[in-house]
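Enquirer: Okay, predicted coordinates and the sequence, questions at the end:
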Amino acid sequence: MFAARNSAPVFIGLVSDEPLRLEGLLSIFDEPSGDGHAPLFPVTGTLAEMLARAALEYLVIDMYSSSGGLAVLDTIRRARPSLRLIVIGPEGNDELVLESIVAGARAYLDLTADIDLVRQAIEVVTSGSIWAPRRLLSKLIDRLLKIPDSSLTNAAPRLTAREKEVLDLILLARSNREIARQLGIEERTVKAHVGRLMRKTGADNRIELSMRTLNRPAAPGRNAAEPTRTNS
């Protein structure tokens, strides 16, 4: 309870072309946040209005009611690459889920998801993790491993000792909150380190950051599969 009371509120943008579906999304925020989670508040408006809100960090996109499809995600990614997206779209289309995550989505939910599940996914994303079926994440990793991107094999960027510690924990699939707790630092400090890691490696999300790290040549005398361990 202490963590929740002292967490700054998080504003979640909601974009849907259908008023009834927007009302359903708004109902997600009727209940207070659970223990350890920051209070969540919805913000509604057009996509252009959401992109213009510089302080907005999270956006729920109802792709099912939008005619733009993946092009909408590409537009958002180009305009606000740091914006964390929760996508609601058609069910039974694994390829669309994978393409959405590659395009920058941190969560993908289909129309069968109830209010509690959508709320849970939002809380997972705001804590710094990705929400998607494990089988699809496995497919995504396989796909990223096969990408013929020369940047994956370039020399490793120069990282500080703390950045290496954060990166090690990202490779272990730890959320920002878990990393902050383990390293004894604030969650916003972890977010800043993750942002710098992405800029230094050219990654767009945590999965790509992990793949770029795992695919870089190992330093002399070090096993390529062994994460770097440093003391702060």
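Expert: Done, it's in.
Enquirer: helix or strand right after the top helix by length along the chain?
Expert: What stands out as the longest helix in the chain, according to DSSP state H, is helix 187-201. Tracing the chain past helix 187-201, the next element assigned as helix or strand by DSSP states H and E is helix 206-215.
Enquirer: Let me know the angle separating that following helix from helix 187-201.
Expert: Using axes from the mean of the first three to the mean of the last three CA atoms, to 10 degrees, the direction of helix 206-215 lies 60 degrees away from that of helix 187-201.
Enquirer: Would you mark the buried spots in helix 206-215?
Expert: Neighbour counts over helix 206-215 (16 or more other CB atoms under 10 Å) mark 206, 207, 208, 209, 210, 211, 212, 213 as buried. Just so you know, the C-beta spots here come from the backbone N, C-alpha and C atoms, and that holds for glycine as well.
Enquirer: Likewise for stretch 191-202?
Expert: Going by 16+ other CB under 10 Å, stretch 191-202 has these buried residues: 191, 193, 194, 196, 197, 198, 200, 201.
Enquirer: thinking the fourth one is in contact with residue 166, fair?
Expert: Same thing as residue 196. No - taking CB atoms under 8 Å as the definition, residue 196 is not a contact partner of residue 166, at 9.1 Å.
Enquirer: which stretches of the chain have low pLDDT?
Expert: With pLDDT under 70 as the threshold, the chain has low-confidence stretches at 1-7, 33-36, 64-69, 133-156, 211, 214-232.
Enquirer: where exactly do the helices run in it?
Expert: Counting by DSSP H, the helices of the chain are 2-5, 19-26, 47-52, 70-79, 94-102, 115-126, 134-145, 161-171, 176-183, 187-201, 206-215.
Enquirer: Can you add distance to residue 32 and give those helices back as TSV?
Expert: Written out in TSV, the entries for the helices of the chain read as follows (distance: least, CB to CB, whole Å):
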stretch	distance to residue 32
helix 2-5	8
helix 19-26	15
helix 47-52	24
helix 70-79	29
helix 94-102	29
helix 115-126	11
helix 134-145	29
helix 161-171	29
helix 176-183	18
helix 187-201	20
helix 206-215	28
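Enquirer: of these, which approaches residue 37 most closely?
Expert: Ranking the helices of the chain by proximity to residue 37 (CB to CB) places helix 115-126 first, at 5.0 Å.
Enquirer: Walk me through the domains of the protein.
Expert: The chain breaks down by automatic domain parsing into domains covering 2-142, 149-215.
Enquirer: So which residue is dead centre in this protein?
Expert: residue 106 (3.7 Å; CA atoms, centre = their mean).
Enquirer: can you pull the contacts of that residue?
Expert: With contact taken as CB atoms under 8 Å, 6 or more residues apart in numbering, residue 106 is in contact with 84, 85, 86, 125, 129, 130, 131, 205.
Enquirer: got the angle between the longest helix of the chain and helix 161-171?
Expert: Between the direction of helix 187-201 and that of helix 161-171, the angle (the same axes, to 10 degrees) works out to 90 degrees.
Enquirer: Please find the angle between the direction vectors of helix 187-201 and helix 176-183.
Expert: Regarding helix 187-201 and helix 176-183, their directions subtend 100 degrees when assessed with the same axes, to 10 degrees.
Enquirer: Packing partners of helix 187-201?
Expert: Helices and strands touching helix 187-201, as assessed by 3 or more CB pairs under 8 Å, 6 or more residues apart in numbering; DSSP states H and E, comprise helix 161-171, helix 176-183, helix 206-215.
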